[in-house]
Every structure is written in C-alpha cells, then in structure tokens.
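1. this one's structure only:
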C-alpha cells in the first residue's frame, strides 16, 4: 500500500519580488525631489535660425548644439545675456545656463554659432527660451 502524504504547507504571502518592489516604491517616494533640466529641440541647418526650449530649476543646465554629423563649428558667441540667470559658453558647441537663486519665470538668451555642415554654412542665431519653475 502506498502512503499519501499531504503537500508541505506553504506560508501565506506574496513572495520576495512584490516585497522588493514595494520597498523600492517606498524608498523612491521618500527620496528628495531631483533638480530639473530638460531640453527640447531638434538639429538645425547651419546658417539658419533655431529655437531651443529649456526647463531649468535649481541647478546648471547644459545645452549641446548639433547641426548634423558632418558639422564643423568655428565660433560660438553669446549675443544676448539672460536676465534671470547666467550663461557660460562651453567650448564651441554648447552652453551652460544657471538660474539665479530665487528666480522663477521665463528667461532667454541668444547665441551665434558660425560653422559649416553638409547642408548649410554661415552663422545661426540660436535663441534659447528658458522656463524656470
């Protein structure tokens, strides 16, 4: 005669994965909010104007300029300074915007980028529209 044994009793619960997931959610919810830097733009044609939209809060925000893979930049100049922060040009192809402490609202600055690309050449006036929440 064969003995039939009941299956070992399982402990009630959800297993390890849901517990780890819940712990991660709680840790994420308790973490301090991170500073915000968001850039919204598309590659531009060298020699044509371009607009870049930036959201920057509480920390420096870097914008890298890109006019295509065959671009050569000759010069980058700051043509109009922002009123609610400061801009530091970063080489020939980028800039770092830092909002002033306590500043909130719209800001903007304008750069002139001179160079050549596979589909254009000349100086592009690049306007950066900044929103500081």
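-> Thanks, I have it. These numbers come from a predicted model, not from an experiment.

2. Flag every buried residue along whichever helix or strand residue 62 is part of.
-> Secondary structure here is read from DSSP states H and E; on that basis residue 62 sits in strand 61-64. Under the neighbour-count criterion of 16 or more other Cβ atoms under 10 Å, strand 61-64 has 61, 63 buried. Bear in mind the C-beta positions are built from the backbone N, C-alpha and C, glycine included.

3. now swap in stretch 96-104 and tell me
-> Going by neighbour count (16+ other Cβ under 10 Å), the buried part of stretch 96-104 is 97, 98, 99, 103.

4. so the second one touches residue 57, yeah?
-> Right, the one you point to is residue 98. No: Residue 98 sits out of contact with residue 57 when judged by Cβ atoms under 8 Å, with a separation of 10.8 Å.

5. Against which helices or strands is the one helix or strand residue 114 maps to packed?
-> Secondary structure assigned from DSSP H and E places residue 114 in strand 105-117. Counting contacts by 3 or more Cβ pairs under 8 Å, 6 or more residues apart in numbering; DSSP states H and E, strand 105-117 packs against strand 72-80, strand 85-89, strand 94-99, strand 120-132.

6. what residue ranges in the chain are flagged as low confidence?
-> 1-35, 67-68 (pLDDT under 70).

7. in it, which residue is closest to the centre?
-> Using Cα atoms, centre = their mean, the residue of the chain that lies closest to the mean C-alpha position is residue 38, 3.5 Å off.

8. give the contact list for it.
-> Going by Cβ atoms under 8 Å, 6 or more residues apart in numbering, residue 38 touches 54, 55, 56.

9. What pairs with whichever strand or helix holds it, parallel or antiparallel?
-> Assignment of secondary structure by DSSP H and E places residue 38 within strand 36-40. Strand 36-40 has the following strand partners under DSSP bridges: strand 50-57 (antiparallel).
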